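Asks: Fold the stuff below for me.
(2 chains)
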There are 2 protein chains.
Amino acid sequence: MSKQQFPVADTGEPYVTQGMGEPLTAKQAVDLARAFKAIGDPVRLRLLSLIASHVDGEACVCDVAGSFELAGPTISHHLKVLRKADLIEGERRGTWIYYRVRPEALRLLAESLLLLAESQRSAVGVPA
Amino acid sequence: MSKQQFPVADTGEPYVTQGMGEPLTAKQAVDLARAFKAIGDPVRLRLLSLIASHVDGEACVCDVAGSFELAGPTISHHLKVLRKADLIEGERRGTWIYYRVRPEALRLLAESLLLLAESQRSAVGVPA
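Replies: Coordinates of the predicted model:
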């Protein structure tokens, strides 16, 4: 199986997810864990989901704030974590920043989980 | 799109991931976030990866401890977090507990990310 690129927000460097049967290196695990940690929070998961399903696939704090009993700055903090993890991107238009989910980043995270699942399958000798 | 079942370790109850275009509820986000938080740690990700790629797809603490500069009890703690999140299962044989990755749990997490990615795609009006 070919190796796959995954963009890392902090450094701009891609990392490579392993093929089946090869354990993750410590560095790869750190990069992947950062992204999973970003979505390991209910508010951030709901933010991703609200943005993704909003009209035109984009939303500002003004659009999503009503869904939470949280102050605006708290929501902005969570959006910043998602943005730093490269899971959303933002574009300022007038007063507001409009955020979009980066579906390719979610797909690459999904792929890393599927590769892990396949590693297990491969290790127990199920033919590819 | 049909709704999908995801087993939740703590309660034994399944939760339902949303179809495209429907934001996650608060309860669903809490359950999903718990699983992502469990893998949002480099040691736990490497443990998953080491177990999955170990001979026969199973490993005990004795098999993986050499890959970390961590004490046995610390590794056992991380394994417990993964087990509580239903991402691995263990079977005691003699002195050791042998762990296996639950590929179906990883696949369901992957699916939830793909649904989020598709929600975004759907919201911007890309035909299904």
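Asks: From the contact counts, what lies against the helix ranked longest in chain A?
Replies: If you go by DSSP state H, chain A has its longest helix at helix A:103-123. Packing contacts for helix A:103-123, counted by 3 or more CB pairs under 8 Å, 6 or more residues apart in numbering or on different chains; DSSP states H and E, involve strand A:4-7, strand A:14-17, helix A:26-39, helix B:42-53, strand B:96-101, helix B:103-123. C-beta: built from backbone N, CA, C; applies to glycine.
Asks: so can I have TSV of the ones you listed showing mean neighbour count and distance to A:Ser119?
Replies: TSV is the format used below for these (neighbours: other CB atoms under 10 Å in any protein chain shown; distance: least, CB to CB, whole Å):
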stretch	mean neighbour count	distance to A:Ser119
strand A:4-7	16	14
strand A:14-17	18	11
helix A:26-39	21	13
helix B:42-53	25	4
strand B:96-101	21	8
helix B:103-123	22	9
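Asks: can I get the ones you listed in JSON lines with mean pLDDT and distance to A:Gly57?
Replies: Output for those, formatted as JSON lines (pLDDT from 0 to 100; distance: least, CB to CB, whole Å):
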{"stretch": "strand A:4-7", "mean pLDDT": "42", "distance to A:Gly57": "19"}
{"stretch": "strand A:14-17", "mean pLDDT": "40", "distance to A:Gly57": "25"}
{"stretch": "helix A:26-39", "mean pLDDT": "94", "distance to A:Gly57": "18"}
{"stretch": "helix B:42-53", "mean pLDDT": "95", "distance to A:Gly57": "29"}
{"stretch": "strand B:96-101", "mean pLDDT": "96", "distance to A:Gly57": "33"}
{"stretch": "helix B:103-123", "mean pLDDT": "91", "distance to A:Gly57": "4"}
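Asks: Which one of the ones you listed lies nearest to A:Ala117?
Replies: When the helices and strands packed on helix A:103-123 are ranked by proximity to A:Ala117, the top entry is helix B:103-123, at 3.6 Å, counting by CB to CB.
Asks: I'd like the distance from the closest one to the chain centre, please.
Replies: Distance of helix B:103-123 from its chain centroid, counting by CA atoms, centre = their mean, to the nearest Å, is 13 Å.
Asks: Closest to the centroid, which residue in chain A?
Replies: With distances taken as CA atoms, centre = their mean, A:Leu87 lies nearest the centre of chain A, 4.0 Å away.
Asks: returning to what we had before: closest to A:Ala123 out of the helices and strands packed on helix A:103-123?
Replies: Nearest of the helices and strands packed on helix A:103-123 (CB to CB): helix B:42-53, 5.6 Å.
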